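Peer 1: Let me see the structure of the following:
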Amino acid sequence: MTFYKKKLNTSMSNRDMNLELPKDILNLFDEITKRGFLVGIVGGFCRDFLLNGSMSKDIDLEIRPKGDVDTTDLYEYLQKTYSTKIHKTYNILTIDFDDYSVEMGLPRVESFTSDVGHSNFTVEFVRDLDFKIGYKRRDFTINAILFLYKDKQWTIIDPLDGVKDLENGLLVECDQETFSKDPVRCLRALRFSIRLNFKLNKYLTNQLSTFDPSTVTIHYLRMEARKSEHPILFLTSLFKLDCLVMSNKIFQDKVEQMVKVDPKLSLEDKTFLVDKLSYSKKGILKLMIGQSIKNLMTSNPEELEVSLILIEKASLSSEYLIYIFKNYFTDFNYNQFKIFLTTRYELTKEDKKSDSKAYRSIILRKRLEQSC
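Peer 2: Below you'll find the model as predicted:
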């Protein structure tokens, strides 16, 4: 991947912004402020708005009491006024609007009760008016940015320099001790690096290289793969780190339906993944080839080679090979492919002057020429 400095949506020299949120949501913020709380949006909403100007429909609020007040009266008012749900363990209130979902709670500190785990902690709520203590529990600095709402104006609060890391396209942990206690955060690091095309800092790179997949459940592997928006690349990256053993549980149920040709996945990655598949090759290969071959066909020989490599690596039965060529190829048929499989080509001296990475491409091209 290529990493580059990001041009953020909002000027850092002017910290006042105009977020065009629905009037009902802004009225909610005003009501919270009237009752003695600072209120601000935190997390993914802020990250994505700064990166590309998009506004998520899921809004995470943090409220901080300015004086001797607690959430009891506020929550009672909100529960009478809006459609709400409450998570009592973390004292989080969710308010549903037509298109938006607002989740609000107090800043908190998490104390882990054992060495590693995703939910093995107790919480303590803090006032945290300087915005630093509670943010250490968060995963990455780019998710620890707050848009403070005060006097109908917005101000960026950035205690851990997340804006700088956004600009540099870099993932940085908020707190190493907290990060190391939750193995799912390694999966989140990989997910964000793929989805946002961000580079991992040295600490996160080391954490991921020693990641033990036995510390997380299949549920989290599948969930983070989906959220990465590039599930094949996500899983292939784990395979390449030698920290994940292919299991049919990863691809069971609906997961095969999410696996598709990914523009971020290189030819090398595709062939690597097919090499790793020891089961259910038909379903995954069908998705990898079938959804892209309409644009490939044989008009582009280089792209045809990509598909032929995938098919050859998968060692499919004749019946399924016939199905693939009948449905997805026009000028290159099953019989030609059988000839292609038995064709051999020895590199010439001239061939060997090419970059070593091109050898396979040369061999495939020559085999393709001989089979047609």
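
Peer 1: hey, let's count contacts and neighbours off CA atoms from now on
Peer 2: Will do.

Peer 1: Using the record's domain definitions, break this protein down for me.
Peer 2: Segmentation of the chain into domains, based on automatic domain parsing, reads 16-168, 183-244+253-258, 260-372.

Peer 1: Turn these into TSV, including distance to Asp175.
Peer 2: Output for the domains of the chain, formatted as TSV (distance: least, CA to CA, whole Å):
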stretch	distance to Asp175
domain 16-168	5
domain 183-244+253-258	11
domain 260-372	30
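
Peer 1: Leu241: neighbouring residues, count only.
Peer 2: 12 (other CA atoms under 10 Å).

Peer 1: got a list of what it touches?
Peer 2: Contacts for Leu241 (CA atoms under 8 Å, 6 or more residues apart in numbering) come out as Ser209.

Peer 1: Kindly report which one of the domains of the chain carries the lowest mean pLDDT.
Peer 2: Comparing mean pLDDT over those, the weakest stretch is domain 260-372, at a mean of 69.

Peer 1: Quick check: what element follows the helix or strand hosting Leu308 along the chain?
Peer 2: Using DSSP states H and E, Leu308 sits in helix 301-314. Next helix or strand after helix 301-314 toward the C-terminus (DSSP H and E): helix 318-328.

Peer 1: Buried by neighbour count: which residues of whichever helix or strand comes after that following helix qualify?
Peer 2: Of the helices and strands lying after helix 318-328 in sequence (DSSP H and E), the nearest is helix 334-342. By neighbour count on 16 or more other CA atoms under 10 Å, the buried set for helix 334-342 is 334, 337, 340.

Peer 1: now do stretch 86-100
Peer 2: 86, 92-95.

Peer 1: Next step: these restricted to strands.
Peer 2: Under the assignment DSSP state E, the buried residues of stretch 86-100 contribute 86, 92-95 to strands.

Peer 1: for the residues you listed, which one is nearest Ser209?
Peer 2: Using CA to CA, Ile92 comes nearest to Ser209 of these, at 34.4 Å.

Peer 1: Leaving out the residues flanking it, which one is nearest to that closest one?
Peer 2: Spatially, and ignoring its direct neighbours in sequence, Ile92 is nearest to Gly105 (4.6 Å; CA to CA, 6 or more residues apart in numbering).

Peer 1: How about Pro231?
Peer 2: Using CA to CA, 6+ apart and skipping the chain neighbours, the partner closest in space to Pro231 is Ala225 (4.6 Å).

Peer 1: element containing that neighbour, please.
Peer 2: Ala225 belongs to helix 218-227, assigned by DSSP H and E.

Peer 1: List the buried residues for whichever helix or strand comes after that helix?
Peer 2: Sequence order places helix 231-240 as the next helix or strand after helix 218-227, per DSSP H and E. For helix 231-240, burial by neighbour count (16+ other CA under 10 Å) applies to 231-239.

Peer 1: so what does helix 231-240 touch, helix or strand wise?
Peer 2: Judged by 3 or more CA pairs under 8 Å, 6 or more residues apart in numbering; DSSP states H and E, helix 231-240 is in contact with helix 184-196, helix 218-227, helix 267-276.

Peer 1: want to try CSV for the buried residues of stretch 86-100, with distance to Leu170 as columns?
Peer 2: As requested, the buried residues of stretch 86-100 are exported to CSV (distance: CA to CA, whole Å):
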residue, distance to Leu170
Ile86, 34
Ile92, 30
Leu93, 32
Thr94, 31
Ile95, 33
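
Peer 1: And the furthest pair within those?
Peer 2: Distance extremes for the buried residues of stretch 86-100: the farthest pair is Ile92 and Ile95 at 10.0 Å, using CA to CA.

Peer 1: Appreciated, that's everything.
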